[in-house]
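Visitor: no sequence for this one, just the structure:
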């Protein structure tokens, strides 16, 4: 097992006929490799996002079989080891999940970006990790493994699972869309699905495999997420949050810190000749940031990437500050006449659920090896939630008195969107910031207090 505080040797592959570049709007970074030969579980991509991170990467083993799910069995079930990847990996595990699954935690590779269609999954029990879980669907199954999450909404289609801790994010958000989404999640799955399902999304997060569960691919934590909340051609709206630090949930410890202060998201609009900011509402926190660190927070800066879309850039202080930005952005577009038909087809034609499910069923039927299902895997978070649910009213009252109470503050720093310069030629993406795992003594102490409170409540008379 290899443990490290960073990553290296990511691979960037040549683009085919320029198509990937057109969709991403960004030039290739120079290929980075230690050996020049990719191993089965190296992350590879034709291009990068505006931050220099791989965009929609696949595992090397997926290259010869488009749409297939990568199978860690070819590596003896340990794809994070040097026998299976030339890229530096590291493990984030927790005492809470010791002995669960292969690792009791996550095998991590690198921060990457994915684009696709968002679907709500669930909200983890607050007694476990209180995570918001969103799935990202792509019909090419880029980066997915046989253990990846299978979406009930999409007829068991495999999806890229994405998680972010509500304690670190949405609990502190008060901008209109995020507040409404928070209420929808608390109101039940159907309400949350209504707000997010089927919408375009762009996500930047830490790519890894969850080996406290089934070894499925995850973006966990999600560092930045943009969801198109009001789809349209001439104008549309996006809900966005951005940060550069986050934890990996119940089976992770400490924090994963992104070594980038500047984060840019590309909101695609093929054929775009102009973009205007119609309205914006953005807040940042936490409120106890020092004056110097608060002064470093800025954005969104909206720059037109001619013929491709809008580059939306945010700036944060160093990751240790724990800064976060949330809000929504309403944009109005102009599109070149020659590109109108193609752009409308790209942006407005959506695959309905029935067609999507049928396509996935056909794909599975043709596959040499049917996708494995994570069903039957013991979920550590569910075990913790079940213990809480089994408490008697008296035990529950004791638990509530013993467990540490969350201190929630609402972010109130204000930001205003600005219209940046128009870019006609995509520039070379900068060298990306790395991720490092940093211990969090405070979080670990709270976790141990919660575990102790639960055991004391369970031992108490019913």
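Guide: Happy to help now that I have it. Just so we're clear, the structure is a prediction, and the values are computed from it rather than from any experiment.
Visitor: Same question for stretch 437-451: list its buried residues.
Guide: Residues 437, 440, 443, 447, 450 are the ones in stretch 437-451 that count as buried (16 or more other C-beta atoms under 10 Å). Where C-beta positions appear, they are placed from N, C-alpha and C, glycine not excepted.
Visitor: With stretch 236-247 instead?
Guide: Under the neighbour-count criterion of 16+ other C-beta under 10 Å, stretch 236-247 has 236, 237, 238, 239, 240, 241, 242, 243, 244, 245, 246, 247 buried.
Visitor: list the contacts for residue 261?
Guide: If you count contacts by C-beta atoms under 8 Å, 6 or more residues apart in numbering, residue 261 has them with 244, 296, 315, 316, 317, 318, 433.
Visitor: Farthest-apart pair in those, please.
Guide: With C-beta to C-beta as the measure, no two of the contacts of residue 261 lie farther apart than 296 and 433, at 14.7 Å.
Visitor: the more surrounded of these two?
Guide: Taking other C-beta atoms under 10 Å, residue 296 and residue 433 do not tie; residue 433 has more neighbours (20 against 15).
Visitor: I'd like to know how far that one sits from residue 257.
Guide: If you measure residue 433 against residue 257 using C-beta to C-beta, to the nearest Å, the figure is 9 Å.
Visitor: And residue 246, by the same measure?
Guide: Following C-beta to C-beta, the distance that separates residue 246 from residue 257 is 9 Å.
Visitor: go on, residue 390?
Guide: With the distance defined as C-beta to C-beta, residue 390 ends up 37 Å from residue 257.
Visitor: Comparing these two, which residue is more hemmed in?
Guide: A side-by-side neighbour count of residue 390 and residue 257, using other C-beta under 10 Å, places residue 257 first with 21 against 11.
Visitor: Show the pLDDT at that one.
Guide: Residue 257 is assigned a predicted lDDT (pLDDT) of 97.
Visitor: strands paired with the strand or helix carrying it, and their directions?
Guide: Residue 257 belongs to strand 255-258 when elements are defined using DSSP states H and E. Sheet neighbours of strand 255-258, with direction, are listed as strand 245-246 (antiparallel), strand 435-438 (antiparallel) (DSSP bridges).
Visitor: To residue 174, which of the ones you listed lies closest?
Guide: Using C-beta to C-beta as the measure, strand 245-246 is the one of the strands paired with strand 255-258 that comes nearest residue 174, at 19.7 Å.
Visitor: what distance separates the closest one from the centre of its chain?
Guide: Centre-to-centre, strand 245-246 and its host chain are 11 Å apart (C-alpha atoms, centre = their mean, to the nearest Å).
Visitor: average model confidence for that strand?
Guide: Strand 245-246 shows an average pLDDT of 98 in the prediction.
Visitor: Identify the residues contacting the spatially most central residue of the chain.
Guide: Closest residue to the average C-alpha location of the chain: residue 222 at 3.5 Å, with C-alpha atoms, centre = their mean. Neighbour list for residue 222: 134, 162, 163, 164, 203, 204, 205, 246 [criterion: C-beta under 8 Å, 6+ apart].
Visitor: Among those, which lie within strands?
Guide: 134, 162, 163, 164, 203, 204, 205, 246 (DSSP state E).
Visitor: Which residue, neighbours along the chain excluded, lies closest to the fourth one?
Guide: Once flanking residues are discounted, residue 164 sits nearest to residue 222: 4.4 Å by C-beta to C-beta, 6 or more residues apart in numbering.
Visitor: Show me what that neighbour bridges to in the sheet.
Guide: Using DSSP bridges, the bridge partners assigned to residue 222 are residue 205.
Visitor: What pairs with the helix or strand encompassing residue 264, parallel or antiparallel?
Guide: Using DSSP H and E, residue 264 sits in strand 262-268. For strand 262-268, the pairing partners within the sheet under DSSP bridges are strand 309-315 (antiparallel).
Visitor: roughly how far apart are residue 239 and residue 288?
Guide: Counting by C-beta to C-beta, the separation of residue 239 from residue 288 is 25 Å.
Visitor: thinking again about what came up before, a markdown table please, covering the contacts of residue 222 and showing distance to residue 230.
Guide: Written out in a markdown table, the entries for the contacts of residue 222 read as follows (distance: C-beta to C-beta, whole Å):
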| residue | distance to residue 230 |
| --- | --- |
| 134 | 18 |
| 162 | 21 |
| 163 | 25 |
| 164 | 22 |
| 203 | 19 |
| 204 | 22 |
| 205 | 24 |
| 246 | 27 |
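Visitor: Among those, which one sits closest to residue 281?
Guide: Distance to residue 281, by C-beta to C-beta, is smallest for residue 164 among the contacts of residue 222, at 20.0 Å.
Visitor: count of neighbours near the closest one?
Guide: 26.
Visitor: I'd say it and residue 132 touch.
Guide: Yes - the criterion here is C-beta atoms under 8 Å, and residue 164 meets it with residue 132 at 5.6 Å.
Visitor: shared neighbours, the two?
Guide: With the criterion set as C-beta under 8 Å, 6+ apart, the overlap between the contacts of residue 164 and residue 132 is residue 170.
Visitor: Give me the common contacts of residue 433 and residue 257.
Guide: Counting by C-beta under 8 Å, 6+ apart, the common neighbours of residue 433 and residue 257 are residue 244.
Visitor: Please report how far the residue nearest to residue 164 lies from residue 454.
Guide: With distances defined as C-beta to C-beta, the gap from residue 222 to residue 454 amounts to 28 Å.
Visitor: Tell me where this structure has helices.
Guide: Listed in chain order, the helices of the chain (DSSP state H) span 19-24, 176-186, 189-196, 291-295, 340-348, 353-366, 380-389, 393-402, 441-459.
Visitor: Could you tell me which other helices and strands the third one packs against?
Guide: Going back to what we said before, that points to helix 189-196. strand 105-123, helix 176-186 (3 or more C-beta pairs under 8 Å, 6 or more residues apart in numbering; DSSP states H and E).
Visitor: Same list (these) but as a markdown table, adding mean pLDDT, mean neighbour count and distance to residue 266.
Guide: What follows is the helices and strands packed on helix 189-196, written out as a markdown table (pLDDT from 0 to 100; neighbours: other C-beta atoms under 10 Å; distance: least, C-beta to C-beta, whole Å):
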| stretch | mean pLDDT | mean neighbour count | distance to residue 266 |
| --- | --- | --- | --- |
| strand 105-123 | 96 | 23 | 8 |
| helix 176-186 | 98 | 16 | 20 |
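Visitor: Which among those is found nearest to residue 386?
Guide: When the helices and strands packed on helix 189-196 are ranked by proximity to residue 386, the top entry is strand 105-123, at 15.0 Å, counting by C-beta to C-beta.
Visitor: Name the residues of stretch 264-277 that are buried.
Guide: Of the residues in stretch 264-277, those buried under the neighbour-count criterion (16+ other C-beta under 10 Å) are 264, 265, 266, 267, 268, 269, 270, 271, 272, 275, 277.
Visitor: and residue 8, what pLDDT?
Guide: pLDDT recorded at residue 8 is 37.
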